[in-house]
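> Sharing a model that was predicted from the sequence below.
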Amino acid sequence: MKISIFGLGYVGVVTAACLARDGHEVIGVDVNPQKVDLIAKGESPIVEPGLSQLLIDGVAAKLIRATTDAEVAVLESDVSLISVGTPPIERGEPDLTYVWNVCKQIGKAAIHKNESHVVVLRSTVPPGTLEKCQNLLDSLIGENSIHLAFNPEFLREGSAIKDYDQPPYTIIGTESPVAEAAVRQMYATVNAPFTVVKPSVAEMVKYVANCWHAAKVGFANEIGRVAKAFGIDGREVMNIIVQDTKLNISPVYMRPGFAYGGSCLPKDLSALLYYARNMDVPVPLLNALPTTNSLQVDLAAQQVLRLGARQIALLGLAFKPGTDDLRESPAVLLVKRLIGEGCQVKIYDPAVYEARLMGTNLAYIQSNLPHFEGLLVPNSQEALEGADMAVVTHTTPEFRQVLLEAPKGMQILDLAGVFNQTTKELGYHGIAW
Ligand SMILES: NC(=O)c1ccc[n+]([C@@H]2O[C@H](COP(=O)([O-])OP(=O)(O)OC[C@H]3O[C@@H](n4cnc5c(N)ncnc54)[C@H](O)[C@@H]3O)[C@@H](O)[C@H]2O)c1
């Protein structure tokens, strides 16, 4: 393919070198003439293992050129990649000026082309940016002349070529089959699965990946601090933690939904926070967890009230399905809050209904919902009778079926992810979707 690359920084130059190695014809474009001169001579403007040789080979094979002339680059290529910087300005907002500038340059040049042109945005940008690029380009040269995709880059400096060759996946955010086909062809030799999603999802994924990495580093460092204060080697602890790929490093506990609860997570987190406080170990990330967790309960209650529901059927009271353990269940806190706001609540939870509550479990529910036995009903039909909203906290097949058959007009607030987006319809609300 003939590919122009706008922005010859860390991402652009590595991409140029790898695409040329894979047989594509690359024209690099940068506003910095020094970078352009270096690359045109086959010299790397950055330090990156293996890059210099790829650039030398690419220039020698006449597969890499570089220019400051955007128009020439667009006219002589089928696809333009945008990998300009998106640095932070005030309050963390990313500066998208360079992205808009390149879009304008591409648009003005593409007017002179007979065929349509593909633009692939690779810079890290906030959700909605590709759509704005599309609007900008459409306003310059009319609709259907440019096909756009967002394709986030996951390479890390220092291992950039290896990361380019072995990404976890190739994400294509696009609504355009033409742009999708171009990206697939561009990476034909890269061994990774393709995932095609809406542009805004792909844009968000890139931010989330980096926030997740930052959260992991912060978490591991806080554990290291507390462990050291206990006289334990934090590395040894985390070495064991990461070996559990069933629960610890896994999709489990990684889905947006309702708050955590139960007899262990809140208790053990409180204990660790207590010891950290006593040993004067700052753990702001861990400290924030109870706050963010109770915010999720507040959010659910506010959503119920904002939607005007007052007769509520709650499906699922225990902190998870299949148990009668009500201790620290966020659903109990939600019911307490809704009753306090004047709502009528009927609760159906098969495991709780059949249980003979006793001990700390009984004490917990009695202190939080003293009359809860009067709220429990024996089946979902009874819970839904007369309700204007069903709030579901468990993803059980039974609840899913019941909600599919729910009377028309009844609102559903899904806190657990019982339904995916395809079954979304009027009256259905998700907590994070
Ligand atoms: N560096 C990384 O490891 C990495 C990894 C993944 C994603 N990203 C993202 O990729 C994007 C680029 O990052 P980078 O580190 O390569 O940036 P960089 O600052 O190293 O390079 C950006 C280049 O764009 C050039 N430029 C600016 N305006 C231009 C224009 N109108 N035409 C042509 N070139 C122009 C600049 O002169 C510069 O050479 C950013 O959004 C970044 O967040 C970076």
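On my side now, so go ahead.

> what's around whatever residue of the chain ends up closest to the ligand, how many residues?
Evaluated by CB to the nearest ligand atom, the chain has Gly9 as its residue closest to the ligand, separated by 1.8 Å. C-beta here means a position set from N, CA and C on the backbone, and glycine is covered the same way. For Gly9, the count of nearby residues is 16 (other CB atoms under 10 Å).

> shouldn't it be in contact with Ile82?
No: when contacts are counted by CB atoms under 8 Å, Gly9 is not listed as touching Ile82 (11.5 Å).

> Can you verify my assumption that Ala70 contacts Cys103?
No: here Ala70 lies out of contact with Cys103, judged by CB under 8 Å, at a distance of 10.7 Å.

> More neighbours: which of those two?
Ranked by neighbour count (other CB under 10 Å), Ala70 and Cys103 place Cys103 first, with 26 against 21.

> Would you enumerate the residues in contact with that one?
Contact analysis of Cys103 by CB atoms under 8 Å, 6 or more residues apart in numbering lists 82, 119, 133, 136-137.

> Now it: phi and psi?
Dihedral pair for Cys103: phi -60, psi -50, per degrees, to the nearest 10.

> got it, and Leu376?
Leu376 adopts backbone torsions of phi -70, psi 140, taken as degrees, to the nearest 10.

> wait, what's in contact with the closest residue to it other than its chain neighbours?
Of all residues not flanking Leu376 in the chain, Ile347 sits nearest, at 5.3 Å (CB to CB, 6 or more residues apart in numbering). Counting by CB under 8 Å, 6+ apart, Ile347 touches 314, 317, 335, 372, 375-377, 383.

> Show me what from the stretch 51-200 of the chain comes close to the ligand.
Counting by CB under 6 Å from any ligand atom, the stretch 51-200 of the chain comes close to the ligand at 83-86, 98, 101-102, 123-124, 153, 155-157.

> Which elements pack onto the helix or strand hosting Ala17?
Element membership for Ala17, per DSSP states H and E: helix 10-21. If you count contacts as 3 or more CB pairs under 8 Å, 6 or more residues apart in numbering; DSSP states H and E, helix 10-21 packs onto strand 2-6, strand 25-29, helix 33-40, helix 51-60, strand 64-67, helix 160-165.

> Not counting the fifth one itself, show me its contacts.
With contacts defined as CB under 8 Å, 6+ apart, strand 64-67 is touched by 8, 16-17, 20, 26-30, 35-37, 39-40, 42, 55, 58, 73.

> I'd like to know how many residues surround Gln34.
9.

> where do the contact lists of Ala70 and Cys103 overlap?
Common contact partners of Ala70 and Cys103 (CB under 8 Å, 6+ apart): none.

> who's in contact with the helix holding Ala17?
Residues outside helix 10-21 that contact it (CB under 8 Å, 6+ apart) are 3, 5-6, 8, 26, 28, 30, 35, 39, 44-46, 48, 51, 54-55, 57-58, 61, 63-64, 81, 83-84, 122-123, 153, 155, 157, 160-161, 164-165, 186.

> Could you do stretch 161-172 as well?
With CB under 8 Å, 6+ apart as the test, stretch 161-172 has contacts from 14-15, 17-18, 48-51, 54, 149-152, 154-156, 179-180, 183-184, 187, 190-197, 202, 205-206.

> Among those residues, which ones are in helices?
14-15, 17-18, 51, 54, 179-180, 183-184, 202, 205-206 (DSSP state H).

> circling back to that earlier point, list buried residues within the contacts of stretch 161-172.
14-15, 17-18, 48, 50-51, 54, 149-152, 154-155, 179-180, 183, 187, 196, 202, 205-206 (16 or more other CB atoms under 10 Å).

> ok so, going back, could you flag which of the residues of the stretch 51-200 of the chain next to the ligand are buried?
Using 16+ other CB under 10 Å as the burial test, those include 83-86, 98, 102, 123-124, 153, 155 as buried.

> May I ask which two of these are separated the most?
Pairwise distances across those (CB to CB) peak at 19.9 Å, for the pair Val102 and Leu155.

> Report pLDDT for the closest residue to Ala202 other than its chain neighbours.
Sequence neighbours aside, Gly173 is the residue nearest to Ala202 in space, at 2.6 Å (criterion: CB to CB, 6+ apart). pLDDT, Gly173: 98.

> Kind regards, and thank you for your time.
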